[in-house]
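A.B. asks: Sequence below, structure please.
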Amino acid sequence: MWREWSTHARGESEFLEEVLQRVKDSELWREQAESFLQPFKKLKSFKSLFNCPQSSDRHAEGAWVGDHLDLMSRVLFAVVGDDLHLGDIEEFRRLKGFAGELDEVEEILKEKVASLELFILAHDLGKPRTVYFQARAGSGGVSQCFHNSLDQAWNLKNEEQIKTTEDYNKEYKKFSSTMVGATPEEIQDAFFSAYQIVISYPGYAQQIARPELREVLTKESKKRRLTPEDTEDVFHLILLHEKILHDFSVGVNLSVYNHLVSYAIKYGRDPDDFLDLLLAAVFLEVCALPCRSAHGIFYDLSPFTNFLLSEHESVPGKRFDRIKLRQEKQLKIERQRLREAGLDGNDLLVLLDLKPGPEFGEMLKQIHEYAKGQGVLPELSEKVKKELFGRVEKFRNPPVVKL
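C.D. replies: Below you'll find the predicted structure:
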């Protein structure tokens, strides 16, 4: 279910790079990610995934796919733990008028934790069987025979890929041993500079449809007690996420957005619900895709932002309908919270010992504004003030909804 309210006050904005550095530096999120991922590193069905290599031009978060999964996990847990708020990311705050949509994505990340954990675990399962190495001309990688053409990549047998991956990993570890005292990031960057081996995974997302990988997905889904519908959702998230990263990277793409709407309807899902979940998955993905260029590391948020903008342009009135519904919902929730805290009209009539009328109406307005941090209390006795302070504290700090 949806959380009924947000206790987060809009804070100072930070650029995504600063936010993610804070998340990566946190021992709490590191430990949670490690606790989540560690059991899978030993499983046969996941071992090759964690040890699958990646290059810093597209994955500067670490030398292995396991590093990518680790960062995605930390981001998810930081959002759930209220340490990362989408509305406080400067790049998103510049999308004027989309605060509500960002709040909704954040709520989905908190609500659908089990589904998104499964997405993190399984979305790259196809990479070990599609991994492809291509060294740039004249680089050290060519001398090590990492120079297949893209045509060859589609025809490589799984045994050949395993052999090439093992050769790459041996070369990487040999190189690492010469850089004593260097950080993993420095080693990854230096290795790429020396060997110029670009790693890609042609068609990896579609591999999840293979029976053996579909079986892994189903098995892990059952462990999380996900419904068949949730499992099917995660399957389609995995199939689509690579396409989203590509098709929304350049700009707003209405044809792709409309195709996604039709796609959701075709397999029996509510388009709004499914596309919101897909957007949440894309957020986790873009946060864990730092790319290294000649000018340093950068994060490309365009797949996420262009997805949002495409929805707005595809159905212009939908956003305003959502805003209206959101306002009505917030008003209803606010009234409920006032009632639960003993701050509604009936309770205050008794506390203030007044009768309904203009005088009481004005005092009610002032007390509610004070409770919301927008005004000051009217003149009242110390006894009444003391009681009000307790009720206001209850209103401002509602019980946390367990997910």
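A.B. asks: tell me the centre residue of this structure?
C.D. replies: residue 284 (2.9 Å; CA atoms, centre = their mean).
A.B. asks: what's the distance between that one and residue 262?
C.D. replies: Distance of residue 284 to residue 262, given as CB to CB, to the nearest Å: 25 Å. Any C-beta I mention is one placed from the backbone N, CA and C, and that applies to glycine too.
A.B. asks: re the thing from before, how about the residue nearest to the centre of the chain, what does it touch?
C.D. replies: Residues in contact with residue 284 (CB atoms under 8 Å, 6 or more residues apart in numbering) are 72, 75, 76, 109, 116, 119, 120.
A.B. asks: which secondary structure element contains it?
C.D. replies: Assigned by DSSP states H and E, residue 284 belongs to helix 271-287.
A.B. asks: Same check on residue 160?
C.D. replies: Element membership of residue 160, judged by DSSP H and E, is helix 158-176.
A.B. asks: what sits up against the helix or strand harbouring residue 22?
C.D. replies: Counting by DSSP H and E, the element that carries residue 22 is helix 16-25. For helix 16-25, contacts defined as CB under 8 Å, 6+ apart pick out 14, 29-30, 71, 74-75, 78, 83-84, 88-91, 287, 290, 297-299, 301.
A.B. asks: do that again at 10 Å, thanks
C.D. replies: With contact meaning CB atoms under 10 Å, 6 or more residues apart in numbering, helix 16-25 is reached by 13-15, 29-30, 33, 61, 70-71, 74-75, 77-79, 81, 83-86, 88-92, 286-288, 290, 296-299, 301.
A.B. asks: Could you chop the protein up by domain?
C.D. replies: With automatic domain parsing as the criterion, the domains of the chain are listed as 16-128+206-316, 132-200, 319-396.
A.B. asks: Return the set of buried residues in the helix holding residue 284.
C.D. replies: The neighbour-count check on helix 271-287 (16 or more other CB atoms under 10 Å) flags 271, 274-287 as buried.
A.B. asks: Give me the next element, helix or strand, following it.
C.D. replies: Sequence order places strand 290-293 as the next helix or strand after helix 271-287, per DSSP H and E.
A.B. asks: can I get the CA coordinates of that following strand in PDB?
C.D. replies: Presented in PDB, the C-alpha positions along strand 290-293 are these (Å, rounded to 0.1, in the frame of the first residue of the first chain):
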ATOM      1  CA  PRO A 290      28.600   6.500 -13.700                       C
ATOM      2  CA  CYS A 291      30.600   6.900 -16.900                       C
ATOM      3  CA  ARG A 292      34.200   7.900 -17.300                       C
ATOM      4  CA  SER A 293      35.200  10.400 -19.900                       C
END
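A.B. asks: Now it: average pLDDT?
C.D. replies: The average pLDDT within strand 290-293 is 88.
A.B. asks: The nearest residue to residue 78 once chain neighbours are set aside: what's it in contact with?
C.D. replies: In this structure, residue 78 finds its nearest non-sequential neighbour in residue 84, 4.0 Å apart by CB to CB, 6 or more residues apart in numbering. Residue 84 makes contact with 14, 16, 19-20, 22-23, 26, 29, 74-78, 106, 109, 287 under the criterion CB under 10 Å, 6+ apart.
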